[in-house]
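Asker: have a look at this fold, sequence not included:
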(Lines give C-alpha, C1' and ligand atoms only; values in the text may rest on other atoms or scores of the structure.)
Protein backbone atom coordinates (compact mmCIF):
# COMPACT_ATOMS: atom_id res chain seq x y z
CA UNK A 1 0.00 0.00 0.00
CA UNK A 2 1.44 3.35 -0.97
CA UNK A 3 1.50 6.49 1.12
CA UNK A 4 -0.88 8.18 -1.33
CA UNK A 5 -3.57 5.52 -0.94
CA UNK A 6 -3.15 5.53 2.85
CA UNK A 7 -3.55 9.30 2.83
CA UNK A 8 -6.70 8.99 0.72
CA UNK A 9 -8.12 6.39 3.08
CA UNK A 10 -7.47 8.61 6.09
CA UNK A 11 -9.13 11.55 4.36
CA UNK A 12 -12.15 9.40 3.55
CA UNK A 13 -12.45 8.27 7.16
CA UNK A 14 -12.06 11.85 8.37
CA UNK A 15 -14.82 13.06 6.04
CA UNK A 16 -17.12 10.26 7.23
CA UNK A 17 -16.46 11.27 10.84
CA UNK A 18 -17.16 14.91 10.11
CA UNK A 19 -20.49 13.94 8.52
CA UNK A 20 -21.55 12.07 11.66
CA UNK A 21 -20.95 14.96 14.09
CA UNK A 22 -24.67 15.58 14.36
CA UNK A 23 -25.36 11.93 15.10
CA UNK A 24 -24.71 10.12 18.35
CA UNK A 25 -21.26 8.61 18.35
CA UNK A 26 -20.44 5.28 19.86
CA UNK A 27 -17.86 5.05 22.56
CA UNK A 28 -14.34 4.53 21.20
CA UNK A 29 -13.83 1.81 23.79
CA UNK A 30 -16.48 -0.88 23.52
CA UNK A 31 -15.94 -1.86 27.16
CA UNK A 32 -16.50 1.62 28.59
CA UNK A 33 -19.78 3.44 27.99
CA UNK A 34 -19.73 6.89 26.47
CA UNK A 35 -19.40 9.66 29.06
CA UNK A 36 -22.54 11.49 30.03
CA UNK A 37 -22.46 15.17 29.23
CA UNK A 38 -21.75 17.17 32.36
CA UNK A 39 -24.41 19.50 33.65
CA UNK A 40 -23.35 23.12 33.63
CA UNK A 41 -22.64 24.51 37.09
CA UNK A 42 -25.59 26.52 38.41
CA UNK A 43 -25.06 30.27 38.59
CA UNK A 44 -26.00 30.40 42.28
CA UNK A 45 -23.16 27.98 43.05
CA UNK A 46 -20.62 30.27 41.40
CA UNK A 47 -22.09 33.16 43.40
CA UNK A 48 -21.84 31.47 46.81
CA UNK A 49 -18.40 30.04 46.08
CA UNK A 50 -17.25 33.56 45.22
CA UNK A 51 -18.72 34.74 48.53
CA UNK A 52 -16.92 31.99 50.46
CA UNK A 53 -13.66 33.00 48.79
CA UNK A 54 -14.29 36.60 49.90
CA UNK A 55 -14.89 35.38 53.45
CA UNK A 56 -11.58 33.51 53.31
CA UNK A 57 -9.80 36.67 52.16
CA UNK A 58 -11.31 39.06 54.72
CA UNK A 59 -11.53 36.60 57.64
CA UNK A 60 -8.75 34.04 57.09
CA UNK A 61 -8.61 33.02 60.76
CA UNK A 62 -12.19 31.67 60.66
CA UNK A 63 -12.84 30.59 57.10
CA UNK A 64 -10.49 27.88 55.95
CA UNK A 65 -10.20 25.32 53.18
CA UNK A 66 -12.67 22.39 53.29
CA UNK A 67 -10.22 20.12 55.08
CA UNK A 68 -9.64 22.74 57.84
CA UNK A 69 -13.19 23.90 58.56
CA UNK A 70 -13.86 24.94 62.15
CA UNK A 71 -17.22 25.48 63.88
CA UNK A 72 -18.27 29.11 64.04
CA UNK A 73 -19.65 31.07 66.96
CA UNK A 74 -23.38 31.26 67.52
CA UNK A 75 -24.59 34.58 66.13
CA UNK A 76 -21.72 34.80 63.63
CA UNK A 77 -24.06 36.29 61.03
CA UNK A 78 -24.77 39.34 63.23
CA UNK A 79 -21.04 39.70 63.92
CA UNK A 80 -20.36 39.50 60.19
CA UNK A 81 -22.96 42.17 59.43
CA UNK A 82 -21.49 44.52 62.03
CA UNK A 83 -17.93 43.96 60.82
CA UNK A 84 -18.86 44.40 57.16
CA UNK A 85 -20.55 47.73 57.97
CA UNK A 86 -17.17 49.07 59.08
CA UNK A 87 -15.22 47.84 56.05
CA UNK A 88 -14.90 49.72 52.78
CA UNK A 89 -16.13 46.96 50.45
CA UNK A 90 -18.56 47.06 47.54
CA UNK A 91 -22.12 46.52 48.82
CA UNK A 92 -22.72 43.63 46.40
CA UNK A 93 -19.71 41.80 47.82
CA UNK A 94 -20.94 42.36 51.37
CA UNK A 95 -24.33 40.89 50.45
CA UNK A 96 -22.62 38.00 48.71
CA UNK A 97 -20.57 37.20 51.82
CA UNK A 98 -23.62 37.23 54.08
CA UNK A 99 -25.57 34.95 51.74
CA UNK A 100 -22.59 32.66 51.31
CA UNK A 101 -22.31 32.19 55.07
CA UNK A 102 -25.49 30.07 54.98
CA UNK A 103 -23.98 27.92 52.23
CA UNK A 104 -20.72 27.54 54.17
CA UNK A 105 -22.38 26.34 57.38
CA UNK A 106 -24.44 23.81 55.44
CA UNK A 107 -21.53 22.08 53.72
CA UNK A 108 -20.64 18.50 54.60
CA UNK A 109 -17.23 19.58 55.87
CA UNK A 110 -18.80 22.07 58.27
CA UNK A 111 -21.34 19.55 59.60
CA UNK A 112 -18.54 17.05 60.18
CA UNK A 113 -16.63 19.64 62.22
CA UNK A 114 -19.58 20.22 64.56
CA UNK A 115 -18.98 17.59 67.24
CA UNK A 116 -19.69 17.64 70.94
CA UNK A 117 -17.00 19.45 72.91
CA UNK A 118 -15.41 21.15 69.89
CA UNK A 119 -14.54 24.82 70.21
CA UNK A 120 -16.45 27.45 68.24
CA UNK A 121 -14.56 30.41 66.75
CA UNK A 122 -15.40 34.04 66.06
CA UNK A 123 -14.44 36.06 62.96
CA UNK A 124 -10.95 36.69 64.29
CA UNK A 125 -10.28 33.03 65.04
CA UNK A 126 -10.66 33.44 68.81
CA UNK A 127 -12.42 30.71 70.81
CA UNK A 128 -16.08 31.60 71.37
CA UNK A 129 -17.83 28.76 73.12
CA UNK A 130 -18.12 25.00 72.99
CA UNK A 131 -20.51 22.79 71.02
CA UNK A 132 -23.10 21.05 73.19
CA UNK A 133 -24.41 17.52 72.65
CA UNK A 134 -27.73 18.91 71.37
CA UNK A 135 -26.00 21.14 68.83
CA UNK A 136 -23.85 18.27 67.61
CA UNK A 137 -26.91 16.04 67.31
CA UNK A 138 -28.82 18.73 65.39
CA UNK A 139 -25.92 19.20 62.96
CA UNK A 140 -25.65 15.46 62.44
CA UNK A 141 -29.38 15.21 61.71
CA UNK A 142 -29.17 18.08 59.22
CA UNK A 143 -26.26 16.39 57.48
CA UNK A 144 -28.07 13.03 57.30
CA UNK A 145 -31.21 14.71 55.94
CA UNK A 146 -29.12 16.42 53.29
CA UNK A 147 -27.55 13.11 52.26
CA UNK A 148 -30.94 11.43 52.13
CA UNK A 149 -32.35 14.21 49.94
CA UNK A 150 -29.53 13.72 47.43
CA UNK A 151 -30.25 10.01 47.01
CA UNK A 152 -32.48 9.14 44.06
CA UNK A 153 -35.98 8.00 44.94
CA UNK A 154 -36.49 4.23 44.71
CA UNK A 155 -38.19 2.99 41.55
CA UNK A 156 -41.73 1.73 42.11
CA UNK A 157 -43.38 -0.68 39.74
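Answerer: Sure thing, it's come through. No experiment lies behind these values; they were computed from the predicted model shown.
Asker: can you give me the helices for this protein?
Answerer: Assigned by DSSP state H, the chain shows helices spanning 3-19, 43-58, 76-86, 91-104, 108-113, 133-150.
Asker: which among those is found nearest to residue 121?
Answerer: Residue 121 lies closest to helix 76-86 among the helices of the chain, at 8.8 Å (CB to CB). From N, CA and C alone the C-beta is placed, and that goes for glycine too.
Asker: list the helices and strands the closest one packs on?
Answerer: helix 91-104 (3 or more CB pairs under 8 Å, 6 or more residues apart in numbering; DSSP states H and E).
Asker: again, 10 Å this time
Answerer: helix 43-58, helix 91-104 (3 or more CB pairs under 10 Å, 6 or more residues apart in numbering; DSSP states H and E).
Asker: winner for burial among those?
Answerer: helix 91-104 (a mean of 16; mean count of other CB atoms under 10 Å).
Asker: now it, how far from the centre of its chain.
Answerer: Mean-position distance between helix 91-104 and its chain equals 15 Å (CA atoms, centre = their mean, to the nearest Å).
Asker: again with stretch 139-153
Answerer: 16 Å.
Asker: cool, stretch 70-89 as well?
Answerer: 22 Å.
Asker: what do you get for stretch 102-121?
Answerer: 15 Å.
Asker: for residue 117, give its distance to residue 130.
Answerer: 6 Å (CB to CB, to the nearest Å).
Asker: show the low-confidence segments of the protein, by residue range.
Answerer: For the chain, applying pLDDT under 70 flags the ranges 1-7, 9-11, 13-36, 153-157.
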